[in-house]
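Enquirer: Provide a 3D model corresponding to the input given below.
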Amino acid sequence: MDETIRSLLEKSANLNRCVLCGKCASVCLSFKHFKSEVFSPRGRMALFQSYSSGNLEPGEKFASSIMNCFACGACESVCPTPARPRLAGLLMRSAPPLSQHLAKLQKSLKAGNFPVGFFKAAGLKLSPAAASFIQPLAPLKHAEGILYFAGCLSDSFMPESIRAAWNLIQQFGYNPQLSSGVVCCGAPYLFAGLLADFCRIALANIKEFEKARPKTILCGCPSCAAVFKSYPDFFEKNSKEGKAALRLASRIAVFPDWLEKALPSKKALLSLENLNVIYDEPCSLKYGVCATKSPSRILKSLPSLHVEKWREDDCTPGLPLFLYGKSNNPIAQIQNAKLAQLKEKAVDVIVAEDSFSRAWWRIELMKRPSIKSRVSSLAELMMSCF
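Expert: Below is the predicted model of the structure:
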């Protein structure tokens with residue numbers, strides 16, 4: 001095993017601090033689906049410990065176990081020890097046994113097909129406004145310490161969500177900056193097992209954010225926010241890079257949290273005309289460093305809005321949904337159950353905060369014209385209130 005991976009497994013993922021208690025299994029989507037210990041967080045940690053110590057020659061089951069961890073973070077939210085099964089699973093993607101399973105994705109990323117070529121291949125259509133949205137959103141003078149990070153997916157394919165968030169921030173009297181120097185958080189590289197490339201991107205982003213020195217970095221995509229907040233896990237704590245990563249992590253905020261605090265300053269919101277909405281909660285906002293209920297609270301506070309609930313209450317795992325959502329796995333099952341519910345009773349709006357899940361919904365709804373629901377970010381929906 002590469003010494004960098006080994007070191008991170010021990011120092012950041014606390015691999016050997018896992019006591020194999022099994023508390024994580026009760027909340028794991030993968031274990032719930034496969035009903036096999038190999039696909040539980042405890043099973044994975046046992047495999048990783050054996051592999052790291054040289055006592056295991058990994059085979060197909062080893063690789064399948066890692067590929068079927070969807071990095072939702074539920075395991076770490078209930079773990080009574082400092083062990084980090086989610087992080088360990090992401091690190092193990094860079095280990096040799098995974099190379100053949102991730103070769104196609106790695107080749108695409110290394111060929112420079114990200115983000116446009118990568119997502120176009122998945123079925124997304126480039127927005128006509130994507131090439132020009134940066135110009136009208138140029139950084140304004142007298143910025144008040146707020147920098148808005150759009151994310152590469154919204155940047156290229158869903159600029160309307162950026163415009164809505166930008167306009168909302170200004171509605172509350174702030175003049176934000178735009179993070180033109182930082183394009184991608186690096187998540188696709190991490191999920192593709194390209195750890196060195198991910199760390200290179202992370203260091204470049206840290207450097208760019210250090211130049212801007214914003215008080216708050218608002219992330220339009222919670223998956224990106226979670227990745228930015230995880231940067232300190234990949235560097236030595238007392239190193240120059242580690243300290244800079246910690247400074248960056250402390251400035252990251254998800255857009256709904258900021259919006260919820262700003263909302264009370266607005267005296268009146270227009271009625272949303274009895275819209276029926278349903279919130280597709282992303283795992284990045286349900287578990288881990290970005291866990292928050294602010295989107296749900298905001299939706300419930302809006303006038304004349306009816307909030308529906310899913311029968312399947314499991315969260316949506318962002319980027320893994322986009323990468324693996326077509327396979328017969330827990331993610332596909334969860335989302336198919338949601339699609340079946342919409343066929344029975346379509347809602348007006350599906351609110352999807354995570355840009356990857358929002359993109360997935362748009363692609364799937366295009367295939368199903370009988371479902372009349374539209375998908376929207378919270379910011380897009382909120383703009384209807386002004």
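Enquirer: ok, the spatially most distant residue from the centre of the chain to Arg93 distance?
Expert: Within the chain, Asn55 marks the point farthest from the mean C-alpha position, 34.0 Å out by C-alpha atoms, centre = their mean. According to C-beta to C-beta, to the nearest Å, Asn55 stands 21 Å off from Arg93. For every residue, glycine as well, the C-beta is placed using N, CA and C.
Enquirer: so, low pLDDT: which residues of this protein?
Expert: 127-144, 264-272, 386 (pLDDT under 70).
Enquirer: select the longest helix from it.
Expert: helix 195-212 (DSSP state H).
Enquirer: contacts for that one?
Expert: For helix 195-212, the external contacting residues (C-beta atoms under 8 Å, 6 or more residues apart in numbering) are 4-5, 91, 93-94, 109-110, 147, 177, 179, 181-182, 184-186, 189-190, 217, 228, 231, 234-235, 241, 244-245, 247-248, 251.
Enquirer: return the distance of the helix or strand that comes right after that helix from the chain's centre.
Expert: Following helix 195-212 in sequence order, the next helix or strand is strand 216-219 (DSSP states H and E). Centroid separation for strand 216-219 versus its chain: 15 Å, with C-alpha atoms, centre = their mean, to the nearest Å.
Enquirer: and the next element down the chain from strand 216-219?
Expert: Heading C-terminal from strand 216-219 (DSSP H and E), you reach helix 222-230.
Enquirer: buried ones in stretch 366-373?
Expert: Ser373 (16 or more other C-beta atoms under 10 Å).
Enquirer: export it to CSV, keeping only CA atoms.
Expert: Output of stretch 366-373 as CSV, limited to C-alpha atoms (Å, rounded to 0.1, in the frame of the first residue of the first chain):
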residue,chain,number,x,y,z
MET,A,366,-36.9,14.4,-18.9
LYS,A,367,-37.3,10.6,-19.5
ARG,A,368,-40.7,10.6,-17.8
PRO,A,369,-42.9,13.3,-19.2
SER,A,370,-45.9,11.9,-17.4
ILE,A,371,-44.4,13.2,-14.1
LYS,A,372,-45.2,16.9,-14.1
SER,A,373,-42.9,17.9,-11.2
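Enquirer: for the residue nearest in space to the middle of the chain, what are its contacts?
Expert: Computing the C-alpha centroid of the chain and ranking residues by C-alpha atoms, centre = their mean puts Ser223 first, at 1.9 Å. Going by C-beta under 8 Å, 6+ apart, Ser223 touches 185, 187, 282, 284, 318-319, 354-356.
Enquirer: try 7 Å this time
Expert: 187, 282, 284, 318-319, 354, 356 (C-beta atoms under 7 Å, 6 or more residues apart in numbering).
Enquirer: dump these into TSV; add secondary structure as well.
Expert: Converted to TSV, the contacts of Ser223 look like this (DSSP: H, G, I helix; E, B strand; the rest coil):
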residue	secondary structure
Ala187	helix
Pro282	strand
Ser284	helix
Gly318	helix
Leu319	helix
Asp354	coil
Phe356	helix
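Enquirer: taking those together, which two end up most distant?
Expert: Within the contacts of Ser223, two members stand farthest from each other by C-beta to C-beta: Ala187 and Pro282, at 12.7 Å.
Enquirer: those two: which has the busier surroundings?
Expert: Using other C-beta atoms under 10 Å, the more surrounded residue of Ala187 and Pro282 is Pro282, with 28 against 25.
Enquirer: spit out the contact partners of the residue nearest to that one when sequence neighbours are not counted.
Expert: Leaving out its chain neighbours, the residue that sits closest to Pro282 by C-beta to C-beta, 6 or more residues apart in numbering is Asp354, at 3.6 Å. Neighbouring residues of Asp354 by C-beta under 7 Å, 6+ apart: 221-223, 282, 284, 316, 318.
Enquirer: again, only using 8 Å
Expert: 221-223, 280, 282, 284-285, 316, 318.
Enquirer: does Ile278 belong to a helix, a strand or coil?
Expert: Classified using three-state DSSP, Ile278 is strand.
Enquirer: what's across from it in the sheet?
Expert: Counting by DSSP bridges, Ile278 is bridged to Glu308, Ile350.
Enquirer: about what we covered before: in helices only, show me the contacts of helix 195-212.
Expert: Using DSSP H, the contacts of helix 195-212 in helices are 4-5, 91, 109-110, 189-190, 228, 241, 244-245, 247-248, 251.
Enquirer: which among these gets closest to Ala46?
Expert: Nearest member of the ones in helices among the contacts of helix 195-212 to Ala46, counting by C-beta to C-beta, is Leu91, at 15.8 Å.
Enquirer: hang on, the closest one packs against Ile5?
Expert: Yes - counting by C-beta atoms under 8 Å, Ile5 is a contact partner of Leu91 at 5.5 Å.
Enquirer: for the helix or strand where Ala332 lies, name the packing helices and strands.
Expert: Secondary structure from DSSP H and E places Ala332 in helix 330-344. Other elements packing on helix 330-344 under the criterion 3 or more C-beta pairs under 8 Å, 6 or more residues apart in numbering; DSSP states H and E are helix 29-34, helix 318-324, helix 355-367.
Enquirer: hey, which of those helices is tucked in deepest?
Expert: helix 318-324 (a mean of 24; mean count of other C-beta atoms under 10 Å).
Enquirer: quick check: angle from the helix holding Ala332 to helix 355-367?
Expert: 50 degrees (axes from the mean of the first three to the mean of the last three C-alpha atoms, to 10 degrees).
Enquirer: check which residues of helix 330-344 are buried.
Expert: Result for helix 330-344 [16+ other C-beta under 10 Å]: buried residues 330-331, 334-335, 338, 341-342.
Enquirer: for it, C-alpha coordinates in PDB please.
Expert: Below are the C-alpha coordinates for helix 330-344, written out as PDB (Å, rounded to 0.1, in the frame of the first residue of the first chain):
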ATOM      1  CA  PRO A 330     -29.300   1.000  -2.600                       C
ATOM      2  CA  ILE A 331     -29.100   4.400  -4.200                       C
ATOM      3  CA  ALA A 332     -31.000   3.200  -7.300                       C
ATOM      4  CA  GLN A 333     -33.600   1.500  -5.100                       C
ATOM      5  CA  ILE A 334     -34.200   4.600  -3.000                       C
ATOM      6  CA  GLN A 335     -34.500   6.900  -6.000                       C
ATOM      7  CA  ASN A 336     -36.800   4.500  -7.900                       C
ATOM      8  CA  ALA A 337     -39.100   4.400  -4.900                       C
ATOM      9  CA  LYS A 338     -39.300   8.200  -5.000                       C
ATOM     10  CA  LEU A 339     -40.000   8.100  -8.700                       C
ATOM     11  CA  ALA A 340     -42.800   5.600  -8.100                       C
ATOM     12  CA  GLN A 341     -44.300   7.900  -5.500                       C
ATOM     13  CA  LEU A 342     -44.300  10.800  -7.900                       C
ATOM     14  CA  LYS A 343     -46.100   8.700 -10.500                       C
ATOM     15  CA  GLU A 344     -48.900   8.200  -8.000                       C
END
